[in-house]
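# Generate a structure from the sequence data that follows.
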Amino acid sequence: MLRLGRFAVAVYEGDQLISSKTDTRYVKGRHAAGGTSQKRYSRIREGQIKLIYEKTCQAIKDQFTPHLGNIQFVLLGGEKFTLNGLVKKCPALVGLENITLSRRLNVRNPKRDTLESVAVSLKESRLYPII
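Have a look, this model is predicted:
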């Protein structure tokens, strides 16, 4: 699970949380002023986003590596564009794209408490009537 500024990586066996890592990294908000300061601010923000991607990717590698033979699927959660950026930049996810689900969890605050409540939604499904 990833939002700009905070991430959580976890491995579950059934509903049981096996291992996890949560952390934060400061990322500046958007800036509306124009001119040179806007470009400088944008460069700083891009650098901060790159650092949180790297930190999250390292946590994915550290948490998933001991369990690689047992991982049945990968489920991502958080803001869509942030997750897409992570998937493009994280080599630890490259070998897992065939087991990564297209469904995304809607997570506002990826932290330890959220990991406990996510276990229930891992097996949640929606049924749609066929008309």
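
# Give the partner strands of whichever strand or helix holds residue 9 in its sheet and their orientations.
Secondary structure from DSSP states H and E places residue 9 in strand 6-13. Neighbouring strands of strand 6-13 in its sheet, by DSSP bridges, are strand 2-3 (antiparallel), strand 16-24 (antiparallel).

# So which of those is nearest residue 88?
strand 2-3 (12.8 Å; CB to CB). For the C-beta atoms, the positions are set from N, CA and C on the backbone; glycine is no exception.

# Quick one: mean pLDDT for the strand holding residue 9?
For strand 6-13, mean pLDDT is 94.

# contacts for the helix or strand harbouring residue 82?
Secondary structure assignment for residue 82, by DSSP H and E: helix 80-89. If you take CB atoms under 8 Å, 6 or more residues apart in numbering as the criterion, helix 80-89 is touched by 2-4, 49-50, 53-54, 56-57, 76-77, 93, 97, 100, 104.

# Between the two ends of stretch 111-131, what distance do you get?
Stretch 111-131 has an end-to-end distance of 40 Å (CA to CA, to the nearest Å).

# Just give the nearest non-adjacent residue to residue 61, would you?
Distances taken as CB to CB, 6 or more residues apart in numbering place residue 92 nearest to residue 61, at 4.1 Å, with adjacent residues excluded.

# Oh, that last question was meant for residue 15, not what I typed.
With sequence-adjacent residues excluded and distances taken as CB to CB, 6+ apart, residue 15 is closest to residue 119, at 4.5 Å.

# Which of the three states applies to that neighbour?
In three-state terms, and counting by DSSP: H, G, I helix; E, B strand; the rest coil, residue 119 is helix.

# What residues sit buried inside stretch 113-131?
Neighbour counts over stretch 113-131 (16 or more other CB atoms under 10 Å) mark 114, 115, 118 as buried.

# and if you look at stretch 22-29?
Buried, per 16+ other CB under 10 Å, within stretch 22-29: 22, 25, 27.

# quick one: the residue nearest to residue 61 and residue 44, what's the gap?
Noted for residue 92: a distance of 26 Å to residue 44, by CB to CB, to the nearest Å.

# In terms of packing, which of the two has more residues around it?
residue 92 (18 against 13; other CB atoms under 10 Å).

# pretty sure the more buried one contacts residue 57?
Yes. Judged on CB atoms under 8 Å, residue 92 makes contact with residue 57 at a distance of 5.3 Å.
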